[in-house]
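A.B. asks: Give me a 3D structure for the following:
(one chain, ligands or ions: 1)
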Amino acid sequence: MANDRSLTHRPRRLRQDRIRGLVSETSLEPSDLIAPIFVDATTDERVSIESMPGHERVPVADAVDRVEEVLETGVEAVMLFGIPTSKDPDGTRAWADDGVVQEATRQITAETDAYVLTDVCLCEYTDHGHCGPLEEALRGSNARAQEHDHDHDHDHDHGPTLTVDNDATLEALEKIAVSHAEAGADMIAPSGMMDGMVGAIRGALDREGFEHVPIMSYAAKYESAFYGPFRDAADGAPSFGNRRHYQMDPANAREAIREVELDVEQGADVLMVKPALPYLDIVSSLRREFDHPIAAYNVSGEYAMLHAASEKGWLDLEAVAHESLLSIKRAGADLILTYFAEEIARSY
Ligand SMILES: [Zn+2]
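C.D. replies: Numbering: from 1, shown residues only. Model (predicted):
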């Protein structure tokens with residue numbers, strides 16, 4: 001009797017066991033993944049990061065070993081973040097020749113085959129935790145967005161307020177990028193969302209003979225609450241205010257296209273969206289609008305929430321991690337920065 005039905009279209013035909021692989025539209029490979037690494041110049045021992053199970057800050061002397069652990073899983077690229085020996089208002093340790101990322105990069109590139117990307121920003125190096133040196137902006141007298149000295153929106157009575165000085169920050173970013181390239185970085189990844197940062201860095205790299213070093217811009221980086229655990233990891237929480245006057249408003253999608261167009265005009269080679277899962281619509285629209293490789297940063301909060309749920313026995317960690325990363329690729333990302341990189345690669 002069932003044969004009386006004339007169902008011409010039966011998608012289930014292609015979901016049978018031996019055909020699924022042939023018709024699958026998206027694949028996830030270890031070579032798509034970049035593992036973030038935290039190198040800490042203030043410690044002689046590895047320090048585990050409580051809110052990011054399985055991750056540690058490692059001393060400079062352990063950076064090569066840490067990268068070798070990553071390479072053994074099949075992941076070929078790492079992104080370095082540094083915790084410096086000291087911080088100051090201008091973040092001067094960020095471009096020191098003997099700085100934490102510079103030292104680690106020299107050792108890793110000399111002793112391993114890893115592809116080394118370096119994060120270029122000031123927030124881990126400034127004593128106030130913002131992504132550049134501060135300037136005073138009198139309320140109402142400056143068209144630039146202002147940063148006030150508390151988290152509450154309702155109490156605005158203080159006179160002078162502080163904001164990151166965009167153009168002074170560009171000069172610092174140029175010095176940082178060149179110092180990383182001199183140390184051997186394979187790709188430079190500016191994350192501070194300063195206007196003009198990609199053009200400034202491209203110009204500086206070219207002037208110093210690093211025309212071959214590509215730039216992966218954190219092109220559409222949102223002011224997100226999903227960064228919480230990272231701030232434990234990198235010790236980079238702002239000591240006052242927040243970063244919403246330079247990072248993007250989570251409400252905005254069209255603005256992401258404008259932001260990214262500017263980075264493309266300035267010579268960005270790879271375009272990143274951060275965070276990933278709450279912004280898959282942005283990944284998807286950048287994929288349609290641009291021909292550049294698109295990267296997505298599966299951030300610390302996305303990692304921590306799956307770990308927390310699996311610790312409670314509510315989710316199967318490996319399955320949800322794999323599904324999350326697959327969804328990021330399906331949305332259009334070519335490469336993914338993720339704290340799951342090693343776990344996922346090991347399962348291949
Ligand atoms: Zn920053």
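
A.B. asks: Is it correct that residue 179 is in contact with residue 102?
C.D. replies: Yes: if you go by C-beta atoms under 8 Å, residue 179 and residue 102 touch, sitting 5.6 Å apart. For every residue, glycine as well, the C-beta is placed using N, CA and C.

A.B. asks: list the residues that contact both of these two?
C.D. replies: Common neighbours of residue 179 and residue 102 (criterion: C-beta atoms under 8 Å, 6 or more residues apart in numbering): residue 96.

A.B. asks: So for the two, which sits in the more crowded spot?
C.D. replies: Using other C-beta atoms under 10 Å as the criterion, residue 179 and residue 102 rank with residue 102 on top: 25 against 21.

A.B. asks: what's the distance between the helix or strand where that one lies and the middle of its chain?
C.D. replies: In this assignment (DSSP states H and E), residue 102 forms part of helix 100-111. Mean-position distance between helix 100-111 and its chain equals 19 Å (C-alpha atoms, centre = their mean, to the nearest Å).

A.B. asks: Tell me if the helix or strand just after it is near the ion.
C.D. replies: With elements assigned by DSSP H and E, the helix or strand that comes after helix 100-111 is strand 115-120. No: against the ion, strand 115-120 shows no contacts by C-beta under 5 Å from the ion, the least distance being 8.2 Å.

A.B. asks: Name the residues of the protein found near the ion, please.
C.D. replies: 121, 123, 131, 192.

A.B. asks: before we move on, which element is the third one in?
C.D. replies: With elements delineated by DSSP H and E, residue 131 resides in a region that no helix or strand encompasses.

A.B. asks: Low-confidence bits of the protein, can you list those?
C.D. replies: 1-3, 138-160 (pLDDT under 70).

A.B. asks: how about a cut-off of 80?
C.D. replies: 1-5, 137-160, 231-237, 241 (pLDDT under 80).

A.B. asks: Give me the longest helix you can find in it.
C.D. replies: helix 166-183 (DSSP state H).

A.B. asks: Check which residues of it are buried.
C.D. replies: For helix 166-183, a neighbour-count test (16 or more other C-beta atoms under 10 Å) marks 166, 169-170, 172-174, 176-181, 183 as buried.

A.B. asks: next one: stretch 281-296
C.D. replies: In stretch 281-296, counting by 16+ other C-beta under 10 Å, buried: 282-287, 290, 292, 294-296.
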